[in-house]
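Visitor: Return atomic coordinates for the entry below.
(2 chains)
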Amino acid sequence: MPVDTDRLIEDHKDLVYHLIHRTVRDRTAYEEIFQEVFLNVLESLPRFEGRSKLSTWIASIAVHTCYKFIHKAGRQERVESFGDWLERRSDPAVPSDLQDNLERNDVKRRLERYLGELAPKYALPVTLFYLEGMSYKEIAEVLGVPLGTVKSCLFRGLKELRKRIDGGEDGYLLGRRP
Amino acid sequence: MDTCLDDALKLDYLNGLLSEEDRARFEEHLAACPRCRREIVELRNTVTAVAGLKPPSVPAAWMAAAKDRLRAKGSSLVSPVTGKPAPARRRANVFQYGVVTAGVTAALVLLIWLVMGGTVQRWFPGLSTAALGISDPGAARMIDLVALVLALHALILVPSIIDNIYQLVRQGGRRIRPGSSAGFFAG
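Guide: Numbering: from 1, shown residues only, chains lettered A, B, ... in the order given. Here you go, the predicted structure:
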């Protein structure tokens, strides 16, 4: 029975894209990596033994593919892309009646940025646990590291985020003490 | 509690993964330790904020290209449900596997024939039972028999040996090993 590739992509596209987004900074490479992940998944599918969930297994391939890309890109990967530069630009002044909503959105945008700035070893556990709903054990499988490493990276990831929030101007909105 | 709690415990508390008993002990410590209490409040706010983020969406324009590329690739691969390879690929694997197995089996049979037929003893007199100091014909026959049993045993193991070699060779190729991203965690 041939693989239903459309279904495979549809079911896992968001997870894969999310992991690429959290791991790789060069946005121009996202599409290529996205396709590469699914090609690798298809190629490795005969060896999938069903010992973990298919999504966990695909996530581990996505992370590894990103890792290979970063390794290959080397120092270039650290260069800020034009898209990142645009995102960092401050917004122009807005009317006060929209201020509350926009502030809330702005906080999310900043938090998104802080999460994007974290090293993958912190950003990935945080993303997989809080946004993809994976357990510690599943994250350990995805990242190929011991459970203790997952927990310490998750905790340090939260602390790093906290540090960035405290250092930024939106700390008061996220419970920072004045 | 006199000392502050470790990070793993704090994390489990934040994520609601502590048992009733541990949670009670943890909260007992929090009540007495303003430093830990402040840290937990700050981290809880961070967790709430992170959990409220919306995961990014895949640009719709990508999907058609990705699906086309994968459909072409996928037609020659296997189903994760049945685990059975698609016909073309399966034929190729069975053929390669058969050729290697037949070759190794033939080599072993030839070896047994050479040993049992006395050819080895003729070509390499040093390996004969006489040269090894075994003069008793009964003992010599026994040694031949043991050699035959060992050779047959090796023959029985051939398929699994070949299979293992195959797995190693295939893994050595363009294989993506799930969970091998430990490089992220170095340092």
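
Visitor: element containing residue 141, please.
Guide: No chain was given, so I picked chain A. Per DSSP states H and E: residue A:141 is located in helix A:136-143.

Visitor: looking at chain B here, not the other one
Guide: Using DSSP H and E, residue B:141 maps to helix B:137-171.

Visitor: ok, now residue A:66?
Guide: For residue A:66, the host element (DSSP H and E) is helix A:54-73.

Visitor: Please name every helix or strand in contact with that helix.
Guide: helix A:5-23, helix A:30-44, helix A:120-126, helix A:136-143 (3 or more C-beta pairs under 8 Å, 6 or more residues apart in numbering or on different chains; DSSP states H and E). For the C-beta atoms, the positions are set from N, CA and C on the backbone; glycine is no exception.

Visitor: Check the average confidence over that helix, would you?
Guide: For helix A:54-73, the per-residue pLDDT values average out at 90.

Visitor: cool, and stretch B:63-72?
Guide: Stretch B:63-72 carries an average pLDDT of 79.

Visitor: Now tell me what touches whichever strand or helix holds residue B:65 from outside.
Guide: Using DSSP H and E, residue B:65 sits within helix B:60-74. With C-beta atoms under 8 Å, 6 or more residues apart in numbering or on different chains as the test, helix B:60-74 has contacts from A:2-3, A:5-6, A:8-9, A:13, A:31, A:34-35, A:38-39, A:42-43.

Visitor: List the buried residues of stretch A:43-57.
Guide: Across stretch A:43-57, burial judged by 16 or more other C-beta atoms under 10 Å in any protein chain shown covers A:43-48, A:52, A:55-57.

Visitor: Now do the end-to-end distance for that stretch.
Guide: This stretch, stretch A:43-57, spans 13 Å end to end (C-alpha to C-alpha, to the nearest Å).

Visitor: quick one: low-confidence parts of the chain?
Guide: The chain I'm using is chain A. Along chain A, segments meeting pLDDT under 70 span A:1-3, A:75-105, A:168-178.

Visitor: that's the other chain; I wanted chain B
Guide: Using pLDDT under 70, chain B drops low at B:1-2, B:73-97, B:113-132, B:166-187.

Visitor: And the helices in it?
Guide: Along chain B, counting by DSSP state H, helices occupy B:7-14, B:20-32, B:34-51, B:60-74, B:87-116, B:119-123, B:137-171.

Visitor: deepest of these, which one?
Guide: Comparing the helices of chain B by mean neighbour count (mean count of other C-beta atoms under 10 Å in any protein chain shown), helix B:7-14 comes out on top with a mean of 18.
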